[in-house]
Structure formats: structure tokens, C-alpha cells
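Undergrad: Provided below for reference: sequence and predicted model.
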Amino acid sequence: MSKRALRIGMIGYQFMGKAHSHAFRDLDFFFDLPVTPVLQAIAGRNEEAVRQAAAQYGFASFETDWRRLIERDDIDVIDIVTPNVAHAEMAIAAVQAGKHVICEKPLAMTVDEAVRMREAAAANGVRALVCHNYRYARRCSTPSGSLKRGGSAEFITSGPSICRIGSWIQTSRSCGACARRSRDQVRLAILGHTS
């Protein structure tokens, strides 16, 4: 049975670009998915470096302007592995262009940016997620589930706390956005409320 190609466009090519490229290539080995990821194009500002990354990681082509990558008709998903400060602008532009988005953590610089990203994805009918190693780990999912069932949860951890906004996740240590908010504001964010 032939699987549908899921054409990946990646913005960024340094360490996380290498890690994500490797993961896309290995998906078929680990999971029986209805699609096969195809490394279609990668974007970066330095032409020689992005050309080398495309060849090394197995991308069919490259761009030196991330906006051109988003405009391409042969891309289904945009994977953002750039410096954190650029995530919101790129993700919003990608979903407005009708592309699904995978964004490396931390998702955004502020909770407000993350909310704008979520709203843009919903308004454009595309899927968007943050790449988070512990997304379904008990430490991250238990407090959210408890709050959604009407319970309470303490955010006391030995590591960074996790803030979920819809299907997006943000660590407080990464940007400090949640650390500056009251427990009630974080509770609302976890439940998907923006007020």
C-alpha cells in the first residue's frame, strides 16, 4: 500500500535541524503511519551552510529566505528550529499560508505570543504543535488533567514547570512568562483560557 507523502519544510539547520531531520527519516521505522515524511526543503540565511545542511540531512532543496519556503506549493508542514525569538513570527506566517506547523521549544517568548500562535492556527484550520520531549510524560500531563477535571494541582517541580496553552506547551524556565504570572493565571492558561 502506497502512503501519502507529507512534505516537510524546515526553517533552521543547526543542531535541532539535524535532530529533527534524523527523527523524520526514522519515523517509518518506529511507527506505522498513514504518511511518509519527505524532506522537501530547508531554509537558512547562510547559503553555503544551508546548502551543506540540505545535502547532509537529505533535503531535496533549500531556500535562503524562510518566507519563500512558506510560500512554496510543495510543502505541507513547516518545522521551525530557529532561535526562540523568531518562532512566533514564523509560525503565524506559516499557518496563515495554510501550512501545518511543528515548532521547537520553547514555543514563544511570552504567553501572549503563544496565544496569538494558537489563535492563528485555529483561524486557518491547520494543526500546530510544539516539539516537546516530555509532552505525554506523567509529570507534564497529570497537572493539566487534574485541572480539567475540576481538581487542583501544585506546580512544584525540581526542574522547569510546564505551561500548556491548548495544544502548545511552554516551559517557565525558558522564557519566564509563566514565572511572572500568578497561580490562577497559569491555571487559566493550562485550561486553554486566554483571559
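TA: Now that the structure is in, tell me what you want to look at. Everything quoted here is computed from the prediction, not taken from an experiment.

Undergrad: next, residue 78: phi, psi?
TA: phi -100, psi 120 (degrees, to the nearest 10).

Undergrad: and it, how far is that from residue 99?
TA: 5 Å (CB to CB, to the nearest Å). From N, CA and C alone the C-beta is placed, and that goes for glycine too.

Undergrad: and for these two, which residues touch both?
TA: Residues touching both residue 78 and residue 99 (CB atoms under 8 Å, 6 or more residues apart in numbering) are 9, 70.

Undergrad: so for the two, which residue has more residues nearby?
TA: residue 78 (28 against 24; other CB atoms under 10 Å).

Undergrad: report the contact partners of that one.
TA: Contacts of residue 78 by CB under 8 Å, 6+ apart are 9-11, 69-70, 90-91, 94, 99-102.

Undergrad: same question, residue 41
TA: 9-10, 54, 59-63, 69, 72, 74-75 are the contacts of residue 41 under CB under 8 Å, 6+ apart.

Undergrad: for those residues, give me TSV that also has secondary structure and neighbour count.
TA: Compiled in TSV, the contacts of residue 41 are given as follows (DSSP: H, G, I helix; E, B strand; the rest coil; neighbours: other CB atoms under 10 Å):
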residue	secondary structure	neighbour count
9	strand	26
10	strand	32
54	helix	22
59	coil	24
60	coil	12
61	strand	15
62	strand	21
63	strand	21
69	helix	25
72	coil	17
74	coil	12
75	coil	23
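
Undergrad: give me the low-pLDDT residue ranges for this structure?
TA: Applying pLDDT under 70 to the chain picks out residues 1, 133-195.

Undergrad: where do the helices sit along it?
TA: Along the chain, the stretches classed as helices by DSSP state H are 15-30, 47-57, 66-71, 87-96, 111-123, 138-148, 172-175, 183-190.
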